[in-house]
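*Asks:* give the three-dimensional model of this entry:
(one chain, ligands or ions: 1)
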Amino acid sequence: MSTENAAPRFPLIPITYSPDWDYSNHVTIFSIEMTMIHNVFIRGLNSIYENAPSIPASSSDVIPFVGYALAWVSNIHDHHHGEEDIVFPFLQENFPDDMHKNIEEHKTFRGGLDALEEYLKAVQQGTKGVKWDGEKVKALIEAFGDGLVEHLHEEIPTISPERLSQVDHDGLAKMVAVHNEHIKNLPMATAHVHVFTHHDFETYPSWPPLPAPVSWFVRNVLYFRRHSFWKFAPYSRTGKPQTYVAPSQ
Ligand SMILES: [Fe+2]
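*Replies:* Just a heads-up that it's a prediction; the model follows:
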């Protein structure tokens, strides 16, 4: 049974879990894995959108929340860089129009994302005249959220198993290996923990397909490096659903 919030502001990409998902078969699994990570980002966006207005400017949670939201922003940037530098150039040979469209879509929400990042950094740095305002964060997200989430949905059919079965299989395996290296080199204390605290393990238990010691390290070591961030996430350190309640003033 899914533990997802019934009606989040930004809709998740529907996908039905199968215990038969084969993570070594890139043709069939690539779009499934992309759906999983896109849903991680959508849950993160919903969490920022829904929690921001509940945090008063006087709260000691403002700075941790800003750090949490900035981690989401940089994860989105890193995801799109990986696609633009590694994934799409490979697929462009077979599907030039669709991949070009994906890159064009990245540009459409970039300005709104930058405005959110700029505001969050100004709050974090204590820029003169800039105060925390959770409603402003919501408004900044309204400016780009639908475009971003629509893009995250629409990208999935462009990398469907039907499509990927038409590409050079050795080339696909090489591209996935390079992309996996890109993922390994991301800042683990924010990127990897963000995935673990925004993924519905109850419904999709086999993803991410990591060796048990790596998952253990994420939950028991990396999690604590930015401990103050993750209470805002929809899932706990051990993958249980959680709800953030802002402290009363
Ligand atoms: Fe993507």
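
*Asks:* neighbours around V27, how many?
*Replies:* Residues contacting V27 under the criterion other CB atoms under 10 Å number 18. Where you see a C-beta, it was placed from the backbone N, CA and C, and this is true even at glycine.

*Asks:* how close does the closest residue to it other than its chain neighbours sit to D22?
*Replies:* Residue nearest to V27 in three dimensions, not counting chain neighbours: L164, with 4.5 Å by CB to CB, 6 or more residues apart in numbering. Spatial separation of L164 from D22 under the definition CB to CB, to the nearest Å is 13 Å.

*Asks:* any idea how many residues pack against A189?
*Replies:* 17.

*Asks:* not counting its neighbours along the chain, what's nearest it?
*Replies:* Once chain neighbours are set aside, the closest to A189 by CB to CB, 6+ apart is R225, at 4.0 Å.

*Asks:* for L164 and D22, work out which one has more neighbours and name it.
*Replies:* Neighbours were counted for L164 and for D22 using other CB under 10 Å; L164 has more, 20 against 12.

*Asks:* wait, doesn't that one sit right on E33?
*Replies:* No: checked against CB atoms under 8 Å, the pair L164 and E33 is beyond contact range at 11.8 Å.

*Asks:* so what's V73 up against?
*Replies:* The neighbourhood of V73, defined by CB atoms under 8 Å, 6 or more residues apart in numbering, consists of L113, L116, E117, L120.

*Asks:* number of residues surrounding E162?
*Replies:* A count of neighbours around E162, defined by other CB under 10 Å, yields 9.

*Asks:* does it count as helix, strand or coil?
*Replies:* helix (DSSP: H, G, I helix; E, B strand; the rest coil).

*Asks:* all numbers from here: first residue = 32
*Replies:* Happy to do that; since the first residue is 32 now, the last one works out to E193.

*Asks:* circling back: common neighbours of L195 and D53, please.
*Replies:* With contacts defined as CB under 8 Å, 6+ apart, the residues shared by L195 and D53 are T59.

*Asks:* now stretch 107-127: how far from the chain's centre is it?
*Replies:* 16 Å (CA atoms, centre = their mean, to the nearest Å).

*Asks:* tell me the mean pLDDT for it?
*Replies:* In this model, stretch 107-127 has a mean pLDDT of 92.

*Asks:* flag the shaky bits of this protein, pLDDT-wise.
*Replies:* Judged by pLDDT under 70, the chain has its weakly predicted residues at 32-37, 280.

*Asks:* enumerate every residue touching V161.
*Replies:* Contact analysis of V161 by CB under 8 Å, 6+ apart lists Y150, A153, V154.

*Asks:* repeat that for 7 Å
*Replies:* Each residue near V161 by CB atoms under 7 Å, 6 or more residues apart in numbering is listed here: A153, V154.

*Asks:* looks to me like it is in a strand.
*Replies:* No: for V161, which was evaluated using three-state DSSP, the result is coil, with no strand membership.

*Asks:* state the distance from it to F96.
*Replies:* For V161, the distance to F96 equals 15 Å [CB to CB].

*Asks:* again, but for R74
*Replies:* 16 Å.

*Asks:* next: P188.
*Replies:* Relative to F96, P188 is positioned 35 Å away (criterion: CB to CB).

*Asks:* these two: who's more crowded?
*Replies:* Under the criterion of other CB under 10 Å, the comparison of P188 against F96 puts F96 first, with 27 against 11.

*Asks:* so what's the more buried one up against?
*Replies:* N82, I86, F263.

*Asks:* isn't R257 up against A222?
*Replies:* No: shown here, R257 and A222 do not form a contact pair, counting by CB atoms under 7 Å, at 10.8 Å.

*Asks:* quick one: residues contacting I214.
*Replies:* Residues near I214 by CB under 7 Å, 6+ apart: none.
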